[in-house]
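Asker: whatever this is, show me its structure:
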Amino acid sequence: MRRRLILAATLATVAIAGTVQAFASQSQPTVVLTNPVDNTPNVTDGTVYAIARVGNTIVVGGAFTQVTNANGSTTYARKNIFSYDLTSGAVNAFAPNLDGRVLSLAAGPNGTLYVGGSFHQVNGVDERGITQLDPATGKRIPAFNASVGDGEVRSLEYANQRVIIGGNFATVNGKPHVALARLYSTSGTPDPHFGIVLKSPTVGRTKVLDTALSPDGRTLIAIGAIQSANGQSRAQVVMIDQSGADAKVAAWSTNFYNVNCDKEFATYVREVDFSPKGDYFVIVTTGRLASETLPCDTAARFETTLTGVHGPTWANHTGGNSLFAVAVTGAAVYVGGHEQWLDNPKGNKSAGPGAVSRPGIGAIDPVTGKALAWNPTRTRGVGVQALVAVPSGLLVGSDTDQLGHEYHGRLGMFPLT
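Answerer: Alright, predicted model coming up:
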């Protein structure tokens, strides 16, 4: 899960770890307001790719070099990662030195933080693609000693004393682990009970662009350039059952994404998020091809409990503009990218019949699949890269500085109240 919050929810029992901490997407009772809060810091260059919450601290990752406080009076040198206080908006002293982009973040055990990306060094120590940090000091947790080879880490999940990583890497700690691996959370050693082998022989390099974990930690969704999992055909989406002693490919699949959009894309799925109850998940896509019969440039809901091969419950089309981020709260399915419209199956880079204007960000009714009235707007740019629901609202990370008709440098939050 590259860009969303995972909160502790309940206790559950699963075979891989006995009594474990379970996790869930952030449930919210209503749709957030359209006027952003005024105290979020500003990222003054580059792009925000990832956001996570650790207690009352918000950690922000991406490709940038400096941030300011909300009113711009103080500038802080922060390379690719920084943090701030959720309540006050004050920028923290946390300033680890990572020599590459931060693409994924996840809260870990005992108040720690997992960081994934394209970096090769952390605070001057060789550590490629993934590290565990103390979010108070920015220091490495030295016991966690994992590195990926020939690639980057684009998604992170933590549950059941394991950390799950996805990306376009070929190895972990020098051993073959292609695009997806499960590591012991303390040591970083690969878990031998996670023998999931992904392949994509006809589209080039296998890669996982995002993952999502069900609230009970039992079900993992991985999306990306995937054609098979453990020899079973899977078109860009695979569901993994983690409830037993060994992880296995679940008896769930869809052919919805077994079609081409733009021929330049080995994969056009971009992000996935579970509902707070875990009964469904939503995938957003790019594709550059407007068609009401194809899954390109859509948000689509899938039911978790079904087995066999099936299609989505609903799909909302933008009419040819990309979606990169999704956050499901129960009250809404928030989507972001550089879209101009929702409810636009007949549009072709234009507003077709029934289309509603939703520049850069929007919300969809989880039941009907139709756009909600919520329409704060934002400067579109390349697009929203991070949507994270927290108890007090919805955090947004992107590459532009206009959100809800106000200046917010690449970062902002819409409040619940």
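
Asker: wait, a helix at residue 110?
Answerer: Yes. Checked against DSSP: H, G, I helix; E, B strand; the rest coil, residue 110 lies within a helix.

Asker: how near is it to residue 82?
Answerer: 22 Å (Cβ to Cβ, to the nearest Å). (Each C-beta comes from the backbone N, C-alpha and C, glycine too.)

Asker: and those two? Which one has more around it.
Answerer: Neighbours per residue, other Cβ atoms under 10 Å: of residue 110 and residue 82, the larger number sits with residue 82, 27 against 8.

Asker: please name the residues that touch the more buried one.
Answerer: 41, 59-60, 67, 76, 91-92, 94-95 (Cβ atoms under 8 Å, 6 or more residues apart in numbering).

Asker: list just the nearest of the residues you listed to residue 383.
Answerer: residue 60 (16.9 Å; Cβ to Cβ).

Asker: which residues sit in contact with the closest one?
Answerer: Contacts for residue 60 (Cβ under 8 Å, 6+ apart) come out as 43, 48, 50-51, 81-84, 397, 411.

Asker: of those residues, which is the nearest to residue 135?
Answerer: Among the contacts of residue 60, and counting by Cβ to Cβ, the member closest to residue 135 is residue 83, at 6.2 Å.

Asker: in the helix or strand harbouring the closest one, what counts as buried?
Answerer: For residue 83, the element it lies in under DSSP states H and E is strand 81-85. Buried positions in strand 81-85, judged by neighbour count with 16 or more other Cβ atoms under 10 Å: 81-84.

Asker: pull it out as PDB, backbone CA atoms only.
Answerer: Extracted in PDB, the C-alpha atoms of strand 81-85 (Å, rounded to 0.1, in the frame of the first residue of the first chain):
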ATOM      1  CA  ILE A  81      11.100  12.500   3.300                       C
ATOM      2  CA  PHE A  82       9.900  14.600   6.200                       C
ATOM      3  CA  SER A  83       7.300  14.600   9.000                       C
ATOM      4  CA  TYR A  84       4.900  16.900  10.800                       C
ATOM      5  CA  ASP A  85       2.500  17.000  13.600                       C
END
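
Asker: residues contacting the following helix or strand past it, please?
Answerer: Using DSSP H and E, the next helix or strand after strand 81-85 towards the C-terminus is strand 102-107. Outside strand 102-107, the residues within contact range by Cβ under 8 Å, 6+ apart are 1-3, 5-6, 49-54, 59, 61-63, 80-81, 113-119, 152-158, 163, 167.

Asker: do the same with stretch 197-209
Answerer: In contact with stretch 197-209 (Cβ under 8 Å, 6+ apart) are residues 2, 151, 154-155, 166-168, 178-180, 222-231, 238, 266-267, 269-271.

Asker: and the residues you listed, which of them are buried?
Answerer: Of those, these count as buried by 16+ other Cβ under 10 Å: 2, 151, 154-155, 166-168, 178-180, 222-229, 238, 266-267, 269-271.

Asker: so of those, which ones are in strands?
Answerer: 154-155, 166-167, 180, 222-225, 228-229, 238, 269-271 (DSSP state E).

Asker: report the two of these separated the most.
Answerer: Using Cβ to Cβ, those reach their maximum pairwise distance at 228 and 271, which is 21.8 Å.

Asker: circling back: and the angle from the strand holding residue 83 to strand 102-107?
Answerer: 40 degrees (axes from the mean of the first three to the mean of the last three Cα atoms, to 10 degrees).
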